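**Q** Build me a model from this:
(2 chains)
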Amino acid sequence: MPEPSVTLTGATAPVVGYDVSLVRGDFPILERRIGERALVYLDSANTSQKPRAVVEAVSRHYLEHNANVARAMHTLGGEATEAFEGARAKVARFIGADGSREVVFTKNASEALNLAAHTLGSRIGPGDEIVVSVLEHHSNLVPWQLLAERTGAVLRWFDITADGRLDLERAAAEGLINERTKIVSVAWVSNVLGTVNPVREIAALAHRAGAHVVVDGSQGVPQLPTDVAALGADLMAFTGHKMLGPTGVGVLWGRYDLLETLPPFLGGGEMIEVVRMTGSTFAKPPARFEAGTPPIAQAVGLGAAIDYLERIGMENVAAHEQRVTAYALERLQSVQGVTILGPTEAVDRGGAISFTLTTADGTEVHPHDVMQLLDSRGIAVRGGHHCARPLHERLGLTASSRASAYLYTTEAEFDALADGLDYVRNFFGGSR
Amino acid sequence: MSVEAMYQEIILDHYKAKHHSGLREPYQAQVTHVNPTCGDEVMLRVALDGDRVADVSYEGVGCSISQASTSVMTDLVIGKPVDQALALLEEFTQMMHSQGQAEPDEDRLEDAVAFVGVSQFPARVKCAMLGWMAFADAAAQAMTAERKEAE
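**A** Numbering: from 1, shown residues only, chains lettered A, B, ... in the order given. All right, here's what the predicted structure looks like:
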């Protein structure tokens, strides 16, 4: 196992010394060139890159320990089960869960949120209210829309303020959360605006009204130290691939006393207790929610990702994120024609920075065109609505460009982005 | 091929000054097509005069490729018999799926030949096809409407 790539220099950095060049050494893909140019990967909110330790853990699992879990009783089956359950224990510790039994493996955050919507949905009826926010990713919106359609419940949402934060005042004035509210589901960190939402405050309001609280932790868990008890959630979804892990594994965390009362989601192998032709009884959580062969190697990879993040320390990851984001916000605001969506200061703000770009004659350069020209300079950003179309509509936009950082991102990469945006602006502004 | 070469002058010119833009009356069919990954949209109307495309009018939001391609398409199909317009659509579609290998006939495709470079960027092919697919849909609906009227 490679040694952790962090040194403690302590001199200039605000929290602790953090040697980003050593971290980068653990990510072979960051050496890549795109045509003639060095890769500048600013799309980590989309998916993170993987350190060698994660890739090796996955391949070692397949090459040395591969077998099915739980149902395979032989030696390899035992090893695979131990590795899979070991990963579950690591996830539980990483997020401050009350033991492994609170951690359900899914294929991604979307499946985890669908699981939440289906199982909590068993208690929802006509006239009940479900509350989300206008800044949600489609994965924390569409499952609730579908639930509302199935049950006759009403979907309501938090609006945002001009600076891209949830409008709690307006919500209070409108009685958004009230005695009819049964579920409140919000993102911890916005994947577009970067806003860190006051989940704890919202959870307290929701609990006072007797509602369950679901948190989409997809952008929060990779970046911030996580303590589910402190967040105040009842259920929280997140995904492995945005936190250095493989694709194909996600997590639904739930308070055990709640999980225990929820019905199954998908039916199939290993989620049962006794199956008869006339009916079945079901396993206790988390097995109840894990029908079929789970993502075994992917969970093992996620365990290795957590080992890596813990060796660096989530406080250090968060501090680096904060520092790079503050730099990026300042640098991008100095580029002519750039307008940043969401908070422009790195306070209660994650590392996703979405923006629009306008040429000298006032024409907006479409994010597809921004993305394409930046790509020709080796810079990877995302252009589109980032699976948050209602938020873009709310902002009066069709799409935006988004740059996002992670523990391997450097300030120099945002310099390259800023220079690239100048070039894009001139290209479409006619002064090329 | 470089991305700068993909964005040919023809494409940028059409993007900056779209031909036949705006929604007009009369028309027999109106459709809205979207590119779900980016939210780009075009609302497009087709007016037929017998078997001839009398007018194509549209309003849309989108990237330079989708907007320019729609503009070029209207130049090509307005005034032509529907079957010829659909044959051009077929040629354009083939070119867009050629991954840069096609040698398009400039006499037939005119400004649309500029998009052969775009076909090397798979993520952008959908952008170039947006307006054309909307035209195919609207033309089919307009023909059905004409036939019903004739009955």
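
**Q** Just want the most central residue of chain B.
**A** Nearest residue to the geometric centre of chain B (C-alpha atoms, centre = their mean): B:Trp132, 3.2 Å.

**Q** that's a strand at that residue, yeah?
**A** No. Assigned with DSSP: H, G, I helix; E, B strand; the rest coil, B:Trp132 falls outside any strand and is helix.

**Q** contacting residues around it?
**A** Residues near B:Trp132 by C-beta atoms under 8 Å, 6 or more residues apart in numbering or on different chains: B:Ser69, B:Thr70, B:Met73, B:Leu89, B:Phe92, B:Thr93. Where you see a C-beta, it was placed from the backbone N, CA and C, and this is true even at glycine.

**Q** Can you add pLDDT and neighbour count and give these back as JSON lines?
**A** Formatted as JSON lines, these follow (pLDDT from 0 to 100; neighbours: other C-beta atoms under 10 Å in any protein chain shown):
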{"residue": "B:Ser69", "pLDDT": "96", "neighbour count": "29"}
{"residue": "B:Thr70", "pLDDT": "97", "neighbour count": "28"}
{"residue": "B:Met73", "pLDDT": "97", "neighbour count": "29"}
{"residue": "B:Leu89", "pLDDT": "97", "neighbour count": "19"}
{"residue": "B:Phe92", "pLDDT": "97", "neighbour count": "25"}
{"residue": "B:Thr93", "pLDDT": "97", "neighbour count": "16"}
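
**Q** Quick check: the farthest pair among those?
**A** Comparing every pair within the contacts of B:Trp132 by C-beta to C-beta identifies B:Thr70 and B:Thr93 as the most remote, at 14.6 Å.

**Q** tell me which parts of chain A are close to chain B?
**A** A:363, A:366-369, A:372-373, A:375-376, A:383-385, A:389, A:392, A:398-399, A:427-428 (C-beta under 8 Å from any C-beta of the partner chain).

**Q** Quick check on those residues: which are buried?
**A** Buried subset of these (neighbour count, 16 or more other C-beta atoms under 10 Å in any protein chain shown): A:366-369, A:372-373, A:375-376, A:383-385, A:389, A:392, A:398-399, A:427-428.

**Q** Let's see which of those residues end up in strands.
**A** Counting by DSSP state E, the part of these found in strands is A:Gly383, A:Gly384.

**Q** contacting residues for A:Ala45?
**A** Taking C-beta under 8 Å, 6+ apart, we find A:Ala45 in contact with A:Asn191, A:Gln219, A:Lys242, A:Gly350, A:Gly351, A:Ala352, A:Arg382, A:Arg402, A:Ser404.

**Q** For stretch B:34-50, measure first residue to last.
**A** Stretch B:34-50 has an end-to-end distance of 29 Å (C-alpha to C-alpha, to the nearest Å).

**Q** and the helix or strand of chain B with the lowest mean pLDDT, which residues are buried?
**A** For chain B, using mean pLDDT, DSSP states H and E, the weakest element among its helices and strands is helix B:3-6, scoring a mean of 78. Using 16+ other C-beta under 10 Å as the test for burial, helix B:3-6 gives B:Val3, B:Met6.

**Q** Closest one of the contacts of A:Ala45 to B:Arg52?
**A** After measuring these against B:Arg52 - C-beta to C-beta - the closest member comes out as A:Arg382, at 43.4 Å.

**Q** wait, what's in contact with that closest one?
**A** Contacts of A:Arg382 by C-beta under 8 Å, 6+ apart are A:Asp43, A:Ala45, A:Asn46, A:Met371, A:Ser401, A:Arg402, A:Ser404.
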